[in-house]
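Student: just coords:
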């Protein structure tokens, strides 16, 4: 009996990036949903609980950090593996610390196809193999 495909949610305000990431991960056998902003991403997460989420840091209205706070506020998403991706190499250390405290990996763009595939596999492996700290213990 085969296992069902892993569900990955990709959120990025750049539609070309979102579609490229989705296409690559679908070719790897994952079920992929996409959103072009944080609000739509939260709705997608509620529709079909993802096994992993890849979200852009810099987006209008609600950025990736804001998305992550809203996601972690939902009890069922305390342990969902999340990677925040950004092209901002001059990222403030306090943002990096917040991401770490919220249990998110930080990756920098550009993400080449191999990097994206490795990131998805890493996130999905952490979802199956470990149990991250509950949110209440992070503060």
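Tutor: Now that the structure is in, tell me what you want to look at. Only a predicted model underlies this, so the values are computations on that prediction, with no experimental measurement involved. Numbering: from 1, shown residues only.
Student: in the lengthiest helix in the chain, what's buried?
Tutor: Longest helix in the chain by number of residues (criterion: DSSP state H): helix 113-129. Buried residues in helix 113-129, counted by 16 or more other C-beta atoms under 10 Å: 116, 117, 119, 120, 123, 124, 126, 127. (C-beta placed from N, C-alpha, C; glycine too.)
Student: could those residues go into TSV alongside pLDDT and distance to residue 103?
Tutor: Below are the buried residues of helix 113-129 laid out as TSV (pLDDT from 0 to 100; distance: C-beta to C-beta, whole Å):
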residue	pLDDT	distance to residue 103
116	96	20
117	95	22
119	96	15
120	96	17
123	96	11
124	95	15
126	88	9
127	78	11
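Student: okay, now the unreliable bits of this structure?
Tutor: Scanning the chain for pLDDT under 70 picks out 1-2, 128-139.
Student: one more time with 50
Tutor: Applying pLDDT under 50 to the chain picks out residues 129-139.
Student: which residues in it form strands?
Tutor: 7-11, 31-35, 52-56, 82-86, 104-108 (DSSP state E).
Student: tilt between the first one and strand 82-86?
Tutor: To tie it back to what came earlier, the one meant is strand 7-11. Per axes from the mean of the first three to the mean of the last three C-alpha atoms, to 10 degrees, the angle that strand 7-11 makes with strand 82-86 is 30 degrees.
Student: residues contacting strand 7-11, please?
Tutor: Strand 7-11 is touched from outside by 18, 21-22, 25, 30-38, 40-41, 44-45, 48-56, 59, 64, 67, 120, 123-124, with contacts defined as C-beta atoms under 8 Å, 6 or more residues apart in numbering.
Student: please redo it, this time with the cut-off set to 7 Å
Tutor: For strand 7-11, the external contacting residues (C-beta atoms under 7 Å, 6 or more residues apart in numbering) are 18, 21-22, 25, 30-35, 38, 41, 44-45, 48, 50-56, 67, 120.
Student: in this structure residue 5 contacts residue 30, no?
Tutor: Yes - with contact taken as C-beta atoms under 7 Å, residue 5 and residue 30 are classed as touching, separated by 5.6 Å.
Student: for those two, indicate the residue with more neighbours.
Tutor: residue 30 (20 against 14; other C-beta atoms under 10 Å).
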